[in-house]
Every structure is written in structure tokens, then in C-alpha cells.
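Asks: Just to be clear, the model below is a prediction. Sequence and coordinates:
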Amino acid sequence: MIDVWRDTEGLRMAVEEIFEADFVRSRIHREASGASPETLARMERQIPLRTLAWGYYRFGEYLLHLDALLRAGIPISTGSLAAVEVEGLLAVHRGRAAFESRHPACSACGMRQQNRFGRECPGCGAKFQQKKG
């Protein structure tokens with residue numbers, strides 16, 4: 001049996017899946033106003049299915065909560081964290097970095113983009129410069 005607490009690669013994957021599902025849900029929420037129930041159901045089928053055991057997501061959500069506390073500046077001494085929590089927070093960092101690389105934020109409004117190849121932000125219409133190869 002795999003120990004979820006120590007499987008940092010699995011935790012990273014779970015965190016990425018959590019971010020991806022939340023990203024799709026937020027896009028659906030923006031686009032769904034006035035949608036018929038059938039259209040809304042079709043849109044909700046776009047939410048990615050989870051691929052790992054539920055324990056990965058549960059521990060990942062705990063780590064995301066812990067990370068949010070740290071980002072908010074709430075003091076948590078390193079001595080009060082277990083080694084698996086520290087390693088898990090590193091997995092959260094890697095998962096967030098991968099997600100943010102796939103879905104960069106618009107420099108004008110901060111909205112996450114569908115991918116890093118877009119030419120224009122769907123939120124504010126800002127035009128993106130394409131890198132010259």
C-alpha cells in the first residue's frame with residue numbers, strides 16, 4: 001500500500017488536479033449565466049475527473065490550507081510542522097508552479113489564461129506579445 005503522506009509526487013499531481021478542476025469550475029461559473037440546464041450539464045462534464053485515491057486530495061487540501069495560512073503571514077513555527085507536512089508543502093509549491101506555468105496570469109487583470117499561447121486575455125482583452133523565436 002502506498003503511504004499518501006510520503007508520496008510527494010502523488011501529492012504534487014493531486015494538487016495540480018485540484019487547481020485544474022477549480023480553474024475549469026471558475027471558467028464555467030463565468031460563462032454559465034443564462035445557460036440552459038443541458039448546456040450547464042455539458043459544461044460541467046468538462047471538469048477533469050480525479051485520477052488518484054481520495055486520500056491524496058484530502059491531504060492535498062489540508063496542505064493547501066496550511067500553505068494559505070503561511071502565505072497570509074500567520075506565524076507557524078517550523079518546529080510545529082511534521083516532516084511530512086514540510087515535504088507536502090514543497091509538493092504544493094511544485095504543483096502550483098506547474099499549474100501557473102500552464103495557465104499564466106494576465107499582467108493587466110490577473111485572470112488565469114486557458115494556456116500560455118493565447119494572444120488576448122478573455123477577461124480584459126489585453127493583447128499579449130508573442131516571443132520571437
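Replies: Arrived safely, thanks for sending. Because the structure is predicted, anything quoted here is derived from the model rather than measured. Numbers count the residues shown, from 1 in each chain.
Asks: and the most centrally placed residue in the chain, what does it touch?
Replies: Most central in the chain under CA atoms, centre = their mean is F19, positioned 1.8 Å from the mean C-alpha point. By CB atoms under 8 Å, 6 or more residues apart in numbering, F19 lies in contact with 95-96, 99. All C-beta spots, glycine's among them, are computed from the backbone N, C-alpha and C.
Asks: Run through who's touching stretch 57-65.
Replies: 4-5, 11, 14-15, 17-18, 50, 85, 88-89, 91-92, 95.
Asks: right, I mislabeled it, should have said stretch 93-104
Replies: Under the contact criterion CB under 8 Å, 6+ apart, stretch 93-104 has outside partners 11-16, 19-20, 23, 60, 67, 112-116.
Asks: What residues sit buried inside the helix or strand that contains H29?
Replies: Using DSSP states H and E, H29 sits within helix 8-31. Buried residues in helix 8-31, defined by neighbour count with 16 or more other CB atoms under 10 Å: 8, 10-21, 23-24, 27.
Asks: Give me the angle between the lowest-mean-pLDDT helix or strand in the chain and helix 8-31.
Replies: Using mean pLDDT, DSSP states H and E, the weakest-scoring helix or strand in the chain turns out to be helix 37-44, at a mean of 89. Orientation check (axes from the mean of the first three to the mean of the last three CA atoms, to 10 degrees): helix 37-44 against helix 8-31 gives 150 degrees.
Asks: after helix 37-44, next one along is what?
Replies: helix 54-71.
Asks: Could you list the buried residues of that following helix?
Replies: Neighbour-count burial for helix 54-71 [16+ other CB under 10 Å]: 55-57, 59-60, 63-64, 66-67.
Asks: ok, so of those residues, who is nearest T78?
Replies: Proximity of the buried residues of helix 54-71 to T78 (CB to CB) peaks at L66, which lies at 12.2 Å.
Asks: need the contact list for that closest one.
Replies: Applying CB under 8 Å, 6+ apart to L66 gives the contacts 76, 85, 89.
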